[in-house]
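**Student:** Structural data only, the sequence is not supplied:
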């Protein structure tokens, strides 16, 4: 037991009170969250690596996957470093890093979600209008960077960054030093739903309607044009295979993942909370586990693509790496020291002193002699 501020005895709660009264539960959730976040970071690194070495970034739909993977990498990095001990250092005045992690998390949560929105818009434009969307790429960047930057500034109005359950974000509780108690921070709870969960789920419902409409439209077109051969139908089939099909699962993954943190935050907002109940632990566990799993799921969907899967072999990756690291072939022409006439023309030596770009099995230092006129 510890003495509280008014001289009465208070229970000796752990560092993660009031979320749990037992720090061991916090440790389990933190290490699960950290491990899954690191796994997602590795998975995102794999996606970026494959896209770069095989030059898949030449196509817009692959660049969108690249941007989403980079966003998910930094999102997972914020999850990995946000320890609940750091989150509760604010009670002792050491909340600077917690505020930084809160800003980082809010920015990259929105950054990642907006790339999902751009992917959905890209699918919609391709499927409904049958047109490519390269002209929108700059607009995608403006939205995905500008909107999170603005939203991250708003919590400073109420000084709302800080502990939010087991990690740093928009704080949901505040510590009253006079009564030595933790109270619900109403402005922070409101901001969580106004700046994140509210618009996120309104947009998510719109995305869900759009995705279902695209699926219905695509099925209708397939049934309508089944067995029909003309240029327009062939072009639509090619557009589906190249630009739509590789992207269609990414928005669905994000929507399913969002269900778990939303249920947990709604439960807390309506007061259904008992630190010692098993349900409280499993709500937080599912929240932490699913929210950090997105990068891994993106990589699995990316690797399941037929074209990508056929290239993810040891020999293909090795050949691509060698091709990217070797210098391009250079043909150099040198005049002979002595002016020897060959058929009335001055002979010359053409030396190839570099390996060709695709000459993976070539031998360094090989030379070829050609005779030709100047």
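**Tutor:** Sure thing, it's come through. This structure is a prediction, so every number in the text was calculated from the model and none was measured. Numbering: from 1, shown residues only.
**Student:** helix or strand right after the strand or helix carrying residue 31?
**Tutor:** Remark: residue 31 resides in helix 23-53, with elements defined by DSSP states H and E. Beyond helix 23-53 on the C-terminal side, the first helix or strand identified by DSSP H and E is helix 60-81.
**Student:** pLDDT on that next one, on average?
**Tutor:** For helix 60-81, mean pLDDT is 92.
**Student:** other SSEs contacting it?
**Tutor:** For helix 60-81, the packing partners by 3 or more Cβ pairs under 8 Å, 6 or more residues apart in numbering; DSSP states H and E come out as helix 23-53, helix 96-124, helix 137-153, helix 294-304. C-beta here means a position set from N, CA and C on the backbone, and glycine is covered the same way.
**Student:** of these, which approaches residue 61 most closely?
**Tutor:** Proximity to residue 61 (Cβ to Cβ) singles out helix 96-124 among the helices and strands packed on helix 60-81, at 7.1 Å.
**Student:** name the helices or strands packed onto that closest one?
**Tutor:** Taking 3+ Cβ pairs under 8 Å, 6+ apart as the contact cut, helix 96-124 packs with helix 60-81, helix 84-87, helix 137-153, strand 161-164, strand 167-170, helix 198-224, helix 249-269.
**Student:** can you tell me which of the helices and strands packed on helix 60-81 comes nearest to residue 162?
**Tutor:** Across those, closest to residue 162 is helix 96-124 (Cβ to Cβ), at 5.9 Å.
**Student:** got a list of what the nearest residue to residue 25 once chain neighbours are set aside touches?
**Tutor:** In this structure, residue 25 finds its nearest non-sequential neighbour in residue 281, 5.5 Å apart by Cβ to Cβ, 6 or more residues apart in numbering. By Cβ atoms under 8 Å, 6 or more residues apart in numbering, the contact set of residue 281 is 20, 25, 29.
**Student:** quick one on the thing from earlier: would a markdown table of the helices and strands packed on helix 96-124 with distance to residue 33 and mean neighbour count be doable?
**Tutor:** As requested, those are exported to a markdown table (distance: least, Cβ to Cβ, whole Å; neighbours: other Cβ atoms under 10 Å):
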| stretch | distance to residue 33 | mean neighbour count |
| --- | --- | --- |
| helix 60-81 | 6 | 23 |
| helix 84-87 | 9 | 20 |
| helix 137-153 | 22 | 14 |
| strand 161-164 | 13 | 26 |
| strand 167-170 | 8 | 27 |
| helix 198-224 | 20 | 14 |
| helix 249-269 | 12 | 18 |
